[in-house]
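[1] what would the 3D arrangement of this be:
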Amino acid sequence: MSTSQAPGAGAKEQSGLRYPTSGKTIYHRPLNRAKTAELSGASFAYLFSEMVNYASKKIESIQDLEKSIASNASFPPSSSSRLNIQGHPIGLKLLDLLLYREPPRTQTRSLNIITLLHFIKINVWQHLFGQAADGLERSSDPAKPDEYMIIDNEPLVNRFISVPRDMSQLNCAAYVAGIVEGVCDGAAFPARVTAHSVGKQDDGEMWPGRTVFLVKFLPDVMERENFLGKS
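    Residues are numbered from 1 along each chain as shown. Got it, this is the predicted structure:
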């Protein structure tokens with residue numbers, strides 16, 4: 001006597017995944033359902049600390065941890081650290097998610113650098129950290145018109161990290177820099193983004209963890225920006 005089995009039953013058993021009785025998983029939920037949902041600070045601190053520990057394994061120096069494996073072939077190999085590489089794919093997906101949640105009338109991609117950076121400073125920061133970034137500036141050096149700076153006085157990712165003295169040059173906000181780089185790449189504005197600590201560890205310093213995210217755009221992006229500015 002032959003036995004029959006439902007088409008999807010065997011696949012579910014072989015996959016090793018546990019399915020709820022309703023048959024619906026998290027992937028069935030609307031993307032805009034949890035727009036205001038927040039993650040526990042303790043949970044985030046634990047997960048991020050484990051990510052830093054994972055990224056710091058088998059390294060010989062801080063330069064090796066924040067040393068670069070170029071994620072963008074158009075830049076020389078000094079663009080991103082291990083933490084940066086972990087954040088890059090999140091930025092690519094986050095851009096699509098935020099644009100999806102925009103009202104239909106404003107659901108358009110940025111067409112110039114300033115619009116994109118304002119989107120990152122306000123929308124991306126608000127979604128990730130619950131508030132906009134503290135500043136956005138352009139390099140005052142005439143020789144570097146392709147450099148912009150996003151300023152965060154107290155990055156959330158650094159709030160729960162205790163950096164040893166022998167690793168004082170480490171800035172774990174490189175993970176956020178990777179997210180910003182992913183957003184820029186996804187918006188067709190390829191850039192190299194790095195995190196730099198500029199706060200002083202003095203007793204009277206108001207923002208000792210102040211971090212500048214340096215965004216350096218690809219030459220092709222600047223050429224396109226100049227062309228659009230003239231038209």
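[2] going forward, measure contacts and count neighbours with C-alpha atoms only.
    OK.
[3] buried sites along the biggest helix by length in the chain?
    Longest helix in the chain by number of residues (criterion: DSSP state H): helix 82-101. The neighbour-count check on helix 82-101 (16 or more other C-alpha atoms under 10 Å) flags 82-92, 94-95, 98 as buried.
[4] likewise stretch 42-56?
    By neighbour count with 16+ other C-alpha under 10 Å, stretch 42-56 contains the buried residues Ala45, Phe48, Ser49, Val52, Ala55, Ser56.
[5] could you look up the SS state of the fourth one?
    It refers to Val52. Following DSSP: H, G, I helix; E, B strand; the rest coil, Val52 is assigned to helix.
[6] ok, it touching Arg82?
    No - applying C-alpha atoms under 8 Å as the test, Val52 and Arg82 come out as separate, 9.1 Å apart.
[7] any low-confidence regions in this structure?
    By pLDDT under 70, the weakly predicted segments of the chain are 1-38, 58-81, 164, 166, 168, 201-204, 230-231.
[8] just the strands in it please.
    Remark: strands assigned in the chain by DSSP state E are 135-138, 147-152, 191-197, 211-217.
[9] quick one, which of those is packed in tightest?
    The highest average neighbour count among these, using mean count of other C-alpha atoms under 10 Å, belongs to strand 191-197 at a mean of 24.
[10] give me the distance between Ile120 and Met149.
    As judged by C-alpha to C-alpha, to the nearest Å, Ile120 and Met149 stand 11 Å apart.
[11] then Ala177?
    11 Å.
[12] common neighbours of the two, please.
    Any residue near both Ala177 and Met149 by C-alpha atoms under 8 Å, 6 or more residues apart in numbering counts here, and that gives Phe213.
[13] count of residues packed around Lys200?
    By other C-alpha atoms under 10 Å, the residues close to Lys200 number 13.
[14] how much space between the nearest residue to it once chain neighbours are set aside and Ile150?
    Nearest non-adjacent residue to Lys200, counting by C-alpha to C-alpha, 6 or more residues apart in numbering: Pro208, 5.1 Å away. Applying C-alpha to C-alpha, the value for Pro208 to Ile150 is 17 Å.
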